[in-house]
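Novice: I'll drop the sequence and a predicted model, then ask my questions.
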Amino acid sequence: MALFPDKRALGAGPSLRVERRLPPTGGTAPLAEAADTLGRTVASVGAVFEKRAADAESFDAQARLIDFKDRWAQRLAERQREMEPGAAGFRDAIQRKFLDDADAFHASLPRHLRPELTLKLREFESQVVGTAGRIETAEGERFELGRIDEAHKKLLARVAQNPGALPAALAESDALIDASTRLTAVQKDEMKRKSAAQFADTQKAATARAAQQQAARLIGQFDELLAADPDKAASWLDANKPALDPRLLAGMRARLDDARKRRTARDIANDTGPSETPTAEQDVRAGPAPRPNAADYTEPARKKAEARTDASPELTALAEQAARDKYERHLADWNRLTRAALKAAYDWADANPGVSLSQMPPGIWPALDYQQRRDVASYVAAKGKVTTDPSAWYRLQKLATTDRDAFSDLELLDYKRTLSPDDFRAVAALQAKARAGDPGKDLVRLRKVNDMVGDALRGLGVNPDAAAGTSDERRSATLRRLVQDELTALESFKGKPADPAEIQATIDRLTIKLADTRRPLKMPLVVGPGIWVPGVSVPLPFMTPDRRAFEFVIDDVPAADRKKIEAALRRRGLPVNDNAIVSLYARQKAREHAK
């Protein structure tokens with residue numbers, strides 16, 4: 001049964017229910033009017049529903065069209081990234097693919113909506129094809145310009161190597177530009193103009209570079225001849241004059257004149273003054289070998305230069321300078337000779353303790369200067385038992401930790417007579433570490449220990465940086481040496497470096513020992529390891545006579561005990577010196593007293 005019956009069916013005759021509701025008079029006319037009204041209402045409602053359904057269907061089609069456009073915009077970007085450089089036919093390929101997709105989309109639309117959306121699809125097709133065409137044109141131009149640019153680079157490199165190849169390279173470049181099918185006439189003309197300017201600049205730079213290289217070769221040849229013989233350089237200059245730039249030629253002539261004057265000055269210096277380093281053989285009783293004197297070189301040279309017919313202030317100055325150079329060479333030779341002789345003298349003394357100087361091999365003693373002879377004689381007189389001067393030892397330690405370069409260049413032979421043999425070897429080993437860059441950080445550790453000792457000395461009222469020869473300098477050297485020997489023994493016993501607490505404890509104990517040698521018997525107020533109260537001192541009531549009874553010097557150690565101690569130190573690889581011997585002897589006596 002239909003939801004809404006036909007108008008004719010409704011108007012064929014009233015139903016009983018309708019008849020009972022009709023007015024009592026008027027016949028069938030009101031019934032027909034009501035049926036007609038009802039039919040119009042039903043038709044209006046149906047039209048509304050039909051319109052709403054059509055609108056929904058159209059909206060869905062519009063949304064699908066928008067999605068179709070978005071997909072194709074993204075696809076166009078992807079195809080652009082995937083296209084081959086300079087590939088032709090991009091526009092046609094895009095158009096074919098679009099038409100295939102548009103046909104499929106068009107077929108999926110309801111028939112009554114196709115005419116409306118077909119026009120919009122045609123408009124979008126024009127946009128897609130136009131964009132693809134512009135992309136194809138731009139990519140083609142970019143590819144073409146890149147290809148021409150690469151070819152131009154090769155042509156420019158050819159011109160840079162051979163400036164004479166410019167005409168051929170320019171013609172090849174123009175032909176390459178004319179052969180392009182993607183460039184307009186205006187673009188081609190502009191490219192030709194820029195290419196011609198680039199080729200001209202490249203030829204100019206290549207020509208200048210070639211001229212510089214040629215000038216450098218000529219200068220090298222001239223310099224080589226000038227260093228060997230100025231006369232040959234003058235002949236070469238005359239032969240190559242046409243090939244030389246006027247300014248370069250003037251500079252070479254000025255250098256030639258200067259070289260001739262310097263040669264004359266050297267001849268003057270060689271003809272005057274000492275002819276060789278004074279190293280004449282002398283016996284042991286002769287005086288020291290004479291040190292070269294600068295005046296013996298410069299004065300004769302100056303006088304001879306002033307007496308020449310071509311004399312000039314410039315020639316005189318050059319002659320004096322040449323004489324000073326000769327003096328410096330002779331002085332350096334003399335210093336090397338005396339240093340070598342000094343080392344040979346000390347080596348001979350170490351190998352022959354107690355032997356008279358008259359037995360020294362010939363050639364050594366005459367090469368020593370006066371002070372060196374005194375040092376060697378003092379060293380020989382000690383008969384191999386040189387004791388270390390704490391002040392000298394301290395100065396070397398301080399120099400090693402404050403100025404490594406100066407310590408590395410120091411001539412240790414000057415300290416041979418102030419250091420015991422073992423201490424001299426230890427300082428030489430320390431210098432070798434300094435020259436090697438302190439790989440084991442021994443100098444760094446030594447500097448830290450010296451800084452801690454310096455703080456302790458300041459607490460005692462002793463200036464750790466006092467001038468040489470002063471009382472404070474001697475006390476500083478004594479404490480530093482004691483601390484170093486104690487730490488060496490401690491580290492040898494432990495088999496590893498002492499830690500900061502052990503270093504500070506050693507310094508504190510030896511600081512008390514040093515304070516006991518001063519009057520009154522006081523020490524700084526210690527409130528912690530390495531911490532003093534500035535300006536406050538307290539007496540030392542625990543420094544009893546019994547403790548001081550075990551303070552010794554090297555002369556208190558019997559010869560037999562000294563030999564045993566030296567042997568023990570050598571077995572452990574420890575330095576053998578007076579302080580180490582006295583320290584071990586004092587410990588032994590303290591243990592015997594405790595028993």
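Specialist: Right, received. Where do you want to start? Numbers count the residues shown, from 1 in each chain.
Novice: in the stretch 51-200 of the chain, which ranges drop under the pLDDT threshold?
Specialist: 51-57, 79-88, 113 (pLDDT under 70).
Novice: need the contact list for Leu413.
Specialist: Listed by Cβ atoms under 8 Å, 6 or more residues apart in numbering, the contact set of Leu413 reads Arg339, Leu342, Lys343, Tyr346. (C-beta placed from N, C-alpha, C; glycine too.)
Novice: quick one, phi psi at the nearest residue to Leu331 once chain neighbours are set aside?
Specialist: In space, and not counting its chain neighbours, Leu331 is closest to Pro292: 4.9 Å by Cβ to Cβ, 6 or more residues apart in numbering. The phi and psi values for Pro292, taken as degrees, to the nearest 10, are phi -60, psi 140.
Novice: For Pro292, the count of nearby residues, please.
Specialist: 20 (other Cβ atoms under 10 Å).
Novice: Is the spatially most central residue of the chain part of a helix or strand, or is it coil?
Specialist: Taking Cα atoms, centre = their mean as the criterion, Gly437 is the residue nearest the geometric centre of the chain, at 18.0 Å. Classification of Gly437 by DSSP: H, G, I helix; E, B strand; the rest coil places it in coil.
Novice: Distance check, the closest residue to Lys326 other than its chain neighbours against Ser173.
Specialist: Closest residue in space to Lys326, ignoring its immediate chain neighbours: Ala269 at 5.1 Å, by Cβ to Cβ, 6+ apart. Computed as Cβ to Cβ, to the nearest Å, the Ala269 to Ser173 distance reads 64 Å.
Novice: More neighbours: which of those two?
Specialist: Ala269 (25 against 21).
Novice: just for the stretch 301-450 of the chain, where's the confidence low?
Specialist: Across the stretch 301-450 of the chain, the ranges flagged by pLDDT under 70 are 383-384.
Novice: Just want the phi and psi numbers for Ser312.
Specialist: Note on Ser312: its backbone torsions stand at phi -160, psi 160 [degrees, to the nearest 10].
Novice: Pull the contacting residues for Gly151.
Specialist: Small correction: residue 151 is Ala, not Gly. Counting by Cβ under 8 Å, 6+ apart, Ala151 touches Ser173, Leu176.
Novice: what about it, which helix or strand?
Specialist: Ala151 belongs to helix 114-161 when elements are defined using DSSP states H and E.
Novice: Give me the next element, helix or strand, following that helix.
Specialist: Criterion used, DSSP H and E; the element after helix 114-161 is helix 166-178.
Novice: How far away from the center of its chain is whatever helix or strand comes next after that following helix?
Specialist: For helix 166-178, the following helix or strand on the C-terminal side (DSSP H and E) is helix 185-228. Centroid separation between helix 185-228 and its chain, computed with Cα atoms, centre = their mean, to the nearest Å, is 36 Å.
Novice: about what we covered before: my guess is the residue nearest to Leu331 meets Glu328, correct?
Specialist: No - counting by Cβ atoms under 8 Å, Pro292 sits too far from Glu328 to count as a contact (9.0 Å).
Novice: State the number of residues packed around Ser235.
Specialist: Residues lying near Ser235 (other Cβ under 10 Å) number 12.
Novice: Ok, Phe143 next?
Specialist: 15.
Novice: Please apply the same query to the one 5 residues further on.
Specialist: Residues within reach of Ile148, counting by other Cβ under 10 Å, total 19.
Novice: And for Thr181?
Specialist: 7.
Novice: For it, give its distance to Gln504.
Specialist: Note on Thr181: its distance to Gln504, by Cβ to Cβ, is 90 Å.
Novice: next one: Val386
Specialist: Remark: distance between Val386 and Gln504 (Cβ to Cβ) = 33 Å.
Novice: rewinding a little: neighbour-wise, which of the contacts of Leu413 leads?
Specialist: Counting neighbours by other Cβ under 10 Å, Leu342 comes out on top of the contacts of Leu413 with 22 neighbours.
Novice: which is the next helix or strand following the helix or strand containing that residue?
Specialist: In the assignment (DSSP H and E), Leu342 maps to helix 313-351. Per DSSP H and E, helix 313-351 leads on to helix 370-381 as the next helix or strand towards the C-terminus.
Novice: what sits up against that next one?
Specialist: Helix 370-381 is contacted from outside by 288, 338, 341-342, 345-346, 349, 355, 357, 365, 368, 386, 414, 416-417, using Cβ under 8 Å, 6+ apart.
Novice: Type out the ChimeraX command that picks the buried ones from those residues.
Specialist: Buried subset of the contacts of helix 370-381, written as a ChimeraX selection, criterion 16 or more other Cβ atoms under 10 Å:
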select :288,338,341,342,345,346,349,357,365,368,386,416,417
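Novice: For Pro313, state which of the contacts of helix 370-381 is nearest.
Specialist: The shortest gap between Pro313 and any of those belongs to Thr338, at 36.9 Å (Cβ to Cβ).
Novice: The closest one contacts Pro366, doesn't it?
Specialist: No - using Cβ under 8 Å, Thr338 is not in contact with Pro366; the gap is 10.2 Å.
Novice: Can you give me the buried ones in stretch 433-441?
Specialist: Along stretch 433-441, these residues count as buried under the neighbour rule (16+ other Cβ under 10 Å): Lys433, Ala434, Asp438.
Novice: and the nearest residue to the last one once chain neighbours are set aside, how far is that from Arg253?
Specialist: Translated: Asp438. Leaving aside its chain neighbours, Asp438 sits nearest to Val444 (6.7 Å; criterion: Cβ to Cβ, 6+ apart). Separation of Val444 from Arg253 (Cβ to Cβ): 59 Å.
Novice: ok, now Phe124?
Specialist: As judged by Cβ to Cβ, Phe124 and Arg253 stand 84 Å apart.
Novice: Among those two, which residue is more densely surrounded?
Specialist: Phe124 (17 against 13).
Novice: Helix, strand, or coil at Leu574?
Specialist: Counting by three-state DSSP, the backbone at Leu574 sits in coil.
Novice: Could you check how many residues crowd around the nearest residue to it once chain neighbours are set aside?
Specialist: Among residues not flanking Leu574 along the chain, Ser492 sits closest, at 5.4 Å (Cβ to Cβ, 6+ apart). Other residues lying near Ser492 total 14 when counted by other Cβ under 10 Å.
Novice: Go through whichever strand or helix holds Ser492 and flag the buried ones.
Specialist: Per DSSP H and E, Ser492 falls inside helix 471-494. Buried residues in helix 471-494, defined by neighbour count with 16+ other Cβ under 10 Å: 472-489.
Novice: so what secondary structure elements neighbour it?
Specialist: helix 390-402, helix 442-459, helix 500-515, helix 578-594 (3 or more Cβ pairs under 8 Å, 6 or more residues apart in numbering; DSSP states H and E).
Novice: hmm, who's touching that helix?
Specialist: Contact with helix 471-494 is made by 388, 390-391, 393-395, 397, 449-450, 453-454, 456-457, 462-464, 466-467, 497-498, 502-503, 506-507, 510-511, 513-514, 572-575, 577, 579-580, 583-584, as judged by Cβ under 8 Å, 6+ apart.
Novice: I'd like the mean pLDDT over that helix, please.
Specialist: Averaging pLDDT along helix 471-494 gives 79.
Novice: Convert that helix to CSV, retaining C-alpha atoms only.
Specialist: What follows is helix 471-494, C-alpha atoms only, in CSV (Å, rounded to 0.1, in the frame of the first residue of the first chain):
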residue,chain,number,x,y,z
SER,A,471,120.5,33.1,55.9
ASP,A,472,116.9,32.6,54.8
GLU,A,473,118.2,31.2,51.5
ARG,A,474,120.4,28.7,53.2
ARG,A,475,117.5,27.6,55.6
SER,A,476,115.1,27.3,52.6
ALA,A,477,117.6,25.1,50.7
THR,A,478,118.2,22.9,53.8
LEU,A,479,114.5,22.2,54.4
ARG,A,480,113.8,21.6,50.8
ARG,A,481,116.6,19.1,50.6
LEU,A,482,115.5,17.3,53.7
VAL,A,483,112.0,17.1,52.5
GLN,A,484,113.1,15.7,49.1
ASP,A,485,115.3,13.1,50.6
GLU,A,486,112.6,12.0,53.1
LEU,A,487,110.0,11.7,50.3
THR,A,488,112.4,9.8,48.1
ALA,A,489,112.9,7.2,50.9
LEU,A,490,109.2,7.0,51.6
GLU,A,491,108.2,6.5,48.0
SER,A,492,110.9,3.9,47.5
PHE,A,493,109.5,2.0,50.6
LYS,A,494,105.9,2.3,49.4
